[in-house]
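Peer 1: Fold the stuff below for me.
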Amino acid sequence: MPTLVESSEALAVDVSCSDHALTVVLDDGRSVSVPLVWFPRLLAATPKQRKDWELIGGGIGIHWEAIDEDISVASLLQPEKFMRLANTALQPTSRSRRKGKKSATGKAARG
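Peer 2: Numbering: from 1, shown residues only. As a prediction, this is how the structure comes out:
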């Protein structure tokens, strides 16, 4: 009998936003807090817009209609699988340019 709770089984039951963090209460008793900077739309939203959320899929995610934002519980519990940081997204391009490969314009990159 496994005792580890799979993150995909956890459902959101409550949500709150401060000026700096998103906090989600899960049905298994855990609370997850993450920085709002992870979600630029929430960071830029007004306090009123942040409070206007709804659970979707029975709690597998949270939706903010006014700012067109959807966040899954899984992405909060395992951000490394879901978040794409700008630097990470650019690394393959940077590596290929350092090796002297041609860019999309057909010119060899300087390295």
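
Peer 1: Report the contact partners of the residue nearest to residue 26 when sequence neighbours are not counted.
Peer 2: Excluding its sequence neighbours, the residue lying closest to residue 26 (C-beta to C-beta, 6 or more residues apart in numbering) is residue 10, at 4.5 Å. All C-beta spots, glycine's among them, are computed from the backbone N, C-alpha and C. Taking C-beta atoms under 8 Å, 6 or more residues apart in numbering, we find residue 10 in contact with 26-28, 30, 73, 77.

Peer 1: Then residue 30?
Peer 2: residue 10.

Peer 1: And it, how close does it get to residue 47?
Peer 2: 25 Å (C-beta to C-beta, to the nearest Å).

Peer 1: Over to residue 67?
Peer 2: Taking C-beta to C-beta as the measure, residue 67 and residue 47 are separated by 12 Å.

Peer 1: more crowded one of these two?
Peer 2: Taking other C-beta atoms under 10 Å, residue 67 and residue 47 do not tie; residue 67 has more neighbours (17 against 10).

Peer 1: Doesn't that one belong to a helix?
Peer 2: No. Read with DSSP: H, G, I helix; E, B strand; the rest coil, residue 67 is coil and lies in no helix.

Peer 1: Check what pLDDT it gets.
Peer 2: pLDDT, residue 67: 97.

Peer 1: Surely it and residue 46 touch.
Peer 2: No. Between residue 67 and residue 46 there is no contact under C-beta atoms under 8 Å: 9.1 Å.
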